[in-house]
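# Provided below for reference: sequence and predicted model.
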Amino acid sequence: MCGIMANIGSENAAREVLAGLKKLEYRGYDSAGVAVFNNALNVFKVKGKVADLEDHVKNQPMAGLVALGHTRWATHGVPAENNAHPHMSENGRLAMVHNGIIENYQSLKNFLIEKGYSFKSDTDSEVLVQYIAWYQDHYQLELTEAVRRSLGDVEGSFAFVILDSTAPNTMVAAKNDNPLVVGISGSGFYLASDVFPLTESCDKVIYLEDQEIITVHLEGDYEVIDFENASITPEVHTLERKDTVYSKEGFDSFMLKEIYEQPEIIARTLKSYVDTNLAEIKIEAIDLHRRIFKQAKRIVIVGCGTSWHAGLIAEYLIESMAGIHVEVEYASEFRYRDPLISTSDIVIGISQSGETADTLAAIKLANERGAFTYGIINTPGSTIARHTDAVSYIKAGVEIGVASTKAFTGQVSLLTLIALKLATITGKLHPLQCKKSIDEFLEVPKMMQEALLTDQLLGDLSQNWVNKESALFLGRGLNFPVALEGALKLKEISYIHAEGYPAAEMKHGPIALVDSEMPVFILATNKSALLKLTSNIQEIKSRKGEVIIIRNAGMEIDAALADYQIEIPAVSEFLTPLTTVVPLQLISYYIAKGRGCNIDQPRNLAKSVTVE
Ligand code: M6R
């Protein structure tokens, strides 16, 4: 993963780099570093966050027109100062920041060791910079050509920026399978892992393509070549300028703020995709390719983590509403298992960031095999969005908390609209029924708002679970993926072991875990599953599990069955994931808070997983 940020041309390039790194911290935050050229190359690194790096450099001479920096998520080598980027070549000439994995780093390293090179870090990135330095020395090459020729021997994924201290008016960057964006401003160039840090200063951007190398000069010109040395004229995109000052707006974490934003996001989604006058769902990506969607034999949905959970909900909805066969796969499995894909398949990639390496690879594979690819993405201009045949954006806005909340409900709401839309296309849903469903959907923002009123109750109740070691989340039907999502939220921010299960699967193993120490969260908001679910609850109760039931208002559940019942407003069954997930998000938040965890930046995680 990792965030790369570099600048050439600004009066205080290091300041620009540090500001940009803060916006890229969602990509990794275990160590950070910056190099600035002012007569000589000065490199500063810390184990910790960008704020720690800022502290570290505050009394250092940081002025200079050229700087490059990095915020890291460890792949090779533990989080430590020596493994932080920028990495230098042994001769002190080159400094590099890298995102990705050099797969053949060991053989390159062995080669360099034989040549007498030594290494200060355990990283594959240091091997890469040293290898480029070897090419440069051995063949007496200027930097761009040394980069180009050495990459012929390199296997893996990378995006990197490199600076030669003997030619500090120039920076070189290359990309293969990891994102790199070049921002063009009046004062020079910004090179970054994505557009977030560029929107305040740049009017134009170039999205470097795989196997391309860009050389940018202090004088304001640039050249792009591919790995075969052919000259490329890149497409220059206009960037909408915006000040992106992210604020918690009085909440104590971005996650809590984002939980509270959800009603507004659902309302925005409905406004964007529903014509309430005509009672029609207008999704341009589908309207433009109506024939493809009408004739589709199968939809395959790929995604990771929370996005995969949203995909599972879509599977239930699309199959039952539209009658189209749907399969949902982890992108990481799909991309490597030689899946059967035909030209009559639609492959949907769901991704908040639009940068997840496995989802991108799955989409590329589907493209190669002739499927129609469709992205459900939150981040405009992201790599996955640019690699799909059609894209629809969820309306969640930038999500900062590593634990996805508003992006999940944004995805589920758009996917629910897609299911309804497809049902009208396949003729399974009469326009009048569609209108009724839309009317019910329009009530959801209000119902979510009411679900948020459980906040204080859940804050108090959650104190009971702060010191638990494990928790179970159970649901049936549409609530099974919501149970998975509840468990994922709890484990990622509180580090408590949690599992989500289809309630009926309990008997097939997990019930062995249940004792009086085990909180079991039962999602009972879908009426159709209630009777069956009640038997599952009895089974847990008889094993002394602590039962917490989340149910709709008006649903009668025997008080003796539950230790606690949490009531949320009733919505139509197809909309229940949107309300049911709210108390689960709050419970995770309060448990993590009670344990003193870093809620927005949990340990070992990064917001965007751009390595496999
Ligand atoms: O950006 P994406 O939606 O592709 O990310 C997928 C997962 O990495 C992401 O959902 C992850 O599981 C979150 N941390 C969950 O809260």
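Looks like it came in fine. All values derive from a computational prediction rather than experimental measurement.
# How many neighbouring residues does the closest residue to the ligand within the chain have?
Of all residues in the chain, Gly305 sits closest to the ligand, at 1.9 Å by CB to the nearest ligand atom. In this view, the C-beta of every residue, glycine as well, is placed from N, C-alpha and C. Residues contacting Gly305 under the criterion other CB atoms under 10 Å number 22.
# The closest residue to it other than its chain neighbours is in what secondary structure piece?
Closest residue to Gly305 apart from its sequence neighbours, by CB to CB, 6 or more residues apart in numbering: Leu488 at 6.7 Å. Using DSSP states H and E, Leu488 sits in helix 479-494.
# helices or strands up against that helix?
With contacts defined as 3 or more CB pairs under 8 Å, 6 or more residues apart in numbering; DSSP states H and E, the packing partners of helix 479-494 are helix 305-322, strand 470-475, strand 497-502, strand 519-524, helix 576-594.
# can you redo these as JSON lines with distance to Leu218 and mean pLDDT?
Converted to JSON lines, the helices and strands packed on helix 479-494 look like this (distance: least, CB to CB, whole Å; pLDDT from 0 to 100):
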{"stretch": "helix 305-322", "distance to Leu218": "41", "mean pLDDT": "97"}
{"stretch": "strand 470-475", "distance to Leu218": "55", "mean pLDDT": "95"}
{"stretch": "strand 497-502", "distance to Leu218": "52", "mean pLDDT": "95"}
{"stretch": "strand 519-524", "distance to Leu218": "58", "mean pLDDT": "95"}
{"stretch": "helix 576-594", "distance to Leu218": "46", "mean pLDDT": "98"}
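# Can you lay out those as TSV showing distance to Ala483?
Output for those, formatted as TSV (distance: least, CB to CB, whole Å):
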stretch	distance to Ala483
helix 305-322	9
strand 470-475	4
strand 497-502	4
strand 519-524	6
helix 576-594	8
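# Tell me the residues of the stretch 201-350 of the chain that contact the ligand?
304-307 (CB under 6 Å from any ligand atom).
# Outside of the helix-or-strand element of the chain with minimal mean pLDDT itself, list whatever touches it.
Least confident helix or strand, the chain: helix 530-541 with a mean of 84, by mean pLDDT, DSSP states H and E. In this structure, residues lying in contact with helix 530-541 by CB atoms under 8 Å, 6 or more residues apart in numbering are 474, 476, 503-504, 506-507, 511, 514, 520, 522, 524, 547, 549, 555, 557-558, 561-562.
# Report the inter-axis angle for it versus strand 470-475.
In terms of direction (axes from the mean of the first three to the mean of the last three CA atoms, to 10 degrees), helix 530-541 departs from strand 470-475 by 160 degrees.
# Buried ones in helix 530-541, by neighbour count?
By 16 or more other CB atoms under 10 Å, the buried positions in helix 530-541 come out as 530, 533-534, 536-537, 540-541.
# Next: stretch 102-114.
Buried, per 16+ other CB under 10 Å, within stretch 102-114: 102, 105, 108-109, 112.
# what's the closest of these to Tyr207?
Proximity of the buried residues of stretch 102-114 to Tyr207, judged by CB to CB, is greatest for Ile102, which lies at 22.3 Å.
# residues contacting the closest one?
Contacts for Ile102 (CB under 8 Å, 6+ apart) come out as 108, 124-125, 127-128, 154-156, 158.
# One more: Thr580?
Thr580 is in contact with 475, 479, 482, 523, 525, 550, 568, counting by CB under 8 Å, 6+ apart.
# cool, and Pro602?
402-403, 492-493, 495, 592.
# restrict those to those near the ligand?
Checking the contacts of Pro602 against the ligand by CB under 6 Å from any ligand atom, the ones in range are 402-403, 492.
# Now, of those, which are buried?
402-403, 492.
# Output those residues as JSON lines; include the columns pLDDT.
JSON lines is the format used below for those (pLDDT from 0 to 100):
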{"residue": "Val402", "pLDDT": "93"}
{"residue": "Ala403", "pLDDT": "96"}
{"residue": "Glu492", "pLDDT": "97"}
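# Adding distance to His237, write those residues out as CSV.
Shown next, in CSV, are those (distance: CB to CB, whole Å):
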residue, distance to His237
Val402, 28
Ala403, 31
Glu492, 34
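# pull the CA atoms of the helix holding Leu488 into CSV?
Written as CSV, here are the backbone C-alpha positions of helix 479-494 (Å, rounded to 0.1, in the frame of the first residue of the first chain):
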residue,chain,number,x,y,z
ASN,A,479,-29.0,-10.2,7.5
PHE,A,480,-26.3,-12.8,7.0
PRO,A,481,-24.0,-10.4,5.1
VAL,A,482,-24.9,-7.7,7.7
ALA,A,483,-23.7,-10.1,10.4
LEU,A,484,-20.4,-10.5,8.5
GLU,A,485,-20.1,-6.8,8.3
GLY,A,486,-20.8,-6.3,12.0
ALA,A,487,-18.1,-8.9,12.9
LEU,A,488,-15.6,-7.2,10.5
LYS,A,489,-16.2,-3.8,12.1
LEU,A,490,-15.7,-5.1,15.6
LYS,A,491,-12.5,-7.0,14.9
GLU,A,492,-10.9,-4.3,12.8
ILE,A,493,-11.3,-1.5,15.3
SER,A,494,-11.4,-3.2,18.7
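# Now do it: distance to the chain's middle.
16 Å (CA atoms, centre = their mean, to the nearest Å).
# go on, stretch 91-106?
The chain centroid and the centroid of stretch 91-106 are separated by 24 Å under CA atoms, centre = their mean.
# Start and end of it, how far apart?
20 Å (CA to CA, to the nearest Å).
# Repeat that for stretch 115-125.
Note: stretch 115-125 ends 18 Å apart using CA to CA.
# do stretch 44-61 as well
Using CA to CA, one end of stretch 44-61 lies 11 Å from the other.
# what sits up against it?
Contacts of stretch 44-61 (CB under 8 Å, 6+ apart): 14, 18, 21-22, 25, 29-35, 38, 42, 69, 71, 79-82, 84-86, 601.
# List the buried residues of that stretch.
In terms of neighbour count (16+ other CB under 10 Å), stretch 44-61 has its buried residues at 44-50, 53-54, 56-57.
# How about stretch 249-256?
For stretch 249-256, a neighbour-count test (16+ other CB under 10 Å) marks 253-256 as buried.
# do stretch 393-404 as well
Neighbour counts over stretch 393-404 (16+ other CB under 10 Å) mark 393-396, 398-404 as buried.
# Okay, and which of the residues you listed map to strands?
Mapping those onto strands (DSSP state E) picks out Tyr393.
# Reformat the buried residues of stretch 393-404 as CSV; add distance to Ile281.
Shown next, in CSV, are the buried residues of stretch 393-404 (distance: CB to CB, whole Å):
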residue, distance to Ile281
Tyr393, 15
Ile394, 15
Lys395, 14
Ala396, 19
Val398, 26
Glu399, 24
Ile400, 30
Gly401, 29
Val402, 32
Ala403, 30
Ser404, 24
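# Can you tell me which of the buried residues of stretch 393-404 has the lowest confidence score?
Ranked by pLDDT, those bottom out at Val398, which has 87.
# picking up where we left off before, so what's the gap between the least confident helix or strand of the chain and the chain middle?
Per CA atoms, centre = their mean, the centroid offset for helix 530-541 relative to its chain is 35 Å.
# Which neighbouring residues are in contact with the closest residue in space to His289 that isn't next to it in sequence, exactly?
The shortest distance from His289 to any non-neighbouring residue, by CB to CB, 6+ apart, is to Ala390 (5.9 Å). Ala390 makes contacts with 285-286, 288-289, 372-375, as judged by CB under 8 Å, 6+ apart.
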